[in-house]
Each structure stands twice: as structure tokens, then as C-alpha cells.
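Visitor: Provided below are the primary sequence and the corresponding predicted coordinates.
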Amino acid sequence: VVNVIKQDSKGDFWIGTNDKGLNYWNRTNNTIRYYTHSETNNNSISSNNIKAIAFDADGKIFIGTHNAGLNLFDPASGRNIVYRHNSVDATSIAGDMVYALRKDQKNRVWVGTRSGLDRFDPATHTFTHIVTDRTGKRLSAPEITYLFEDSKGRIWIGTINSVTIWHPDDLSFEPIPGAT
């Protein structure tokens, strides 16, 4: 089962599957490379169940998994960093089920988990949890399934029961009435 397909800046495709890991299709030489989880390789991806993919400016790949956290994979070096939820670390990822990823126009990385919305800071490797906005409003549900950035830089958040717009520059949520 294919969960996500993303095209990188070179025009190649990264395909996240439900149980076969991450597949890379190099269109130039028409080859496919498979990246899978291995208990004996610390640089392997943390799960074969891939839910979301995003790219950074350096060619690294953010990989969201089902119940195994967020991966930051560098295909050039083969190095992989796994970010997992840690209940005693307030700057760790909100949850290990990462179903949505979005790098916005200002190069901020938004992480949608089944436990809420995070902003990831790659310089410090920390997460900021977006629980309430500046007025105290919350998402209607923390289980995020989709993130989309519109032309105004707003982040549209799909959850299991609604759509809410996040205004990152003024830190406010805008619920969309009737969008379920």
C-alpha cells in the first residue's frame, strides 16, 4: 500500500509505503532503491510504515512514520536521525505517529502528529508544541492527518474531525465552520 509520493528538487520520486519502507525512484537511470528498517543498522529508517515525506533545502528528507517518530535522513551520507517522543523532555516531538509534514515558505518545518502540531527547529533539534493560540483557542482534535500551506503562508490543518487554519505569523487558529 502506498501512503505518500513526493517529488524532490531533482525530479526524482520518493514513495512511502505501509509496510515496505521508503522507495526512491531515480528517473534519470530508471532505478529504484529501497530503504527499510533494520534492527542492526542505527542509520536505517525507524519504521517501514511511512506516512509523510518533506524535503529540506540541503536535500535531506523528513520521514514521518506510524508509531516510530520522525526521521531526518540524508541520502548523500546515509545518516539518519530519529526523533521520538520523550515524556520527560518538553522539547521532544509531541508523538511518535507522524502523519503530516510541511516545510513552509519561510523554511519552518511543521510536524503533524496524532498528538498535535509541532514546529521543528533543525538547528537545535527541538520541537515547539502548538497547543493553543495566543487567545487560548485549540485545535478541535490533536490527531493531525494533513498539512497544507496556502499562498498567504497560512497552514491548513486537517484533523480527524475538522479543518483549522494556523496563522504562524500571528500565532492564531482559525476554525473552518462545517469543514468535517
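Guide: The structure has been received and is ready for your questions.
Visitor: Where does the prediction get shaky in this structure?
Guide: For the chain, the stretches flagged by pLDDT under 70 are 179-180.
Visitor: who's in contact with T113?
Guide: I93, A94, G95, D96, M97, V98, Y99, P142, I144 (C-beta atoms under 8 Å, 6 or more residues apart in numbering). Every residue, glycine included, has its C-beta placed from N, CA and C.
Visitor: 10 Å - rerun?
Guide: 51-52, 64, 69-70, 85, 93-100, 127, 129, 142-144 (C-beta atoms under 10 Å, 6 or more residues apart in numbering).
Visitor: which one in the chain is furthest away from the centre?
Guide: N29 (28.4 Å; C-alpha atoms, centre = their mean).
Visitor: Is that residue in a helix, a strand, or coil?
Guide: Per DSSP: H, G, I helix; E, B strand; the rest coil, the local secondary structure of N29 is coil.
Visitor: buried sites along the helix or strand containing R102?
Guide: Assessed by DSSP states H and E, R102 sits inside strand 98-103. Neighbour-count burial for strand 98-103, with 16 or more other C-beta atoms under 10 Å as criterion, is recorded at V98, Y99, A100, L101, R102, K103.
Visitor: Just flag the most distant two among those.
Guide: Maximum pairwise distance among those (C-beta to C-beta): 15.9 Å, between Y99 and K103.
Visitor: can you tell me how far the residue nearest to S162 when sequence neighbours are not counted sits from I176?
Guide: Once flanking residues are discounted, S162 sits nearest to S140: 4.3 Å by C-beta to C-beta, 6 or more residues apart in numbering. In this view, S140 and I176 are 10 Å apart by C-beta to C-beta, to the nearest Å.
Visitor: next one: S77
Guide: When distance is defined by C-beta to C-beta, S77 is 42 Å away from I176.
Visitor: ok so, going back, how near is the residue farthest from the centre of the chain to D12?
Guide: Using C-beta to C-beta, N29 is found at 10 Å from D12.
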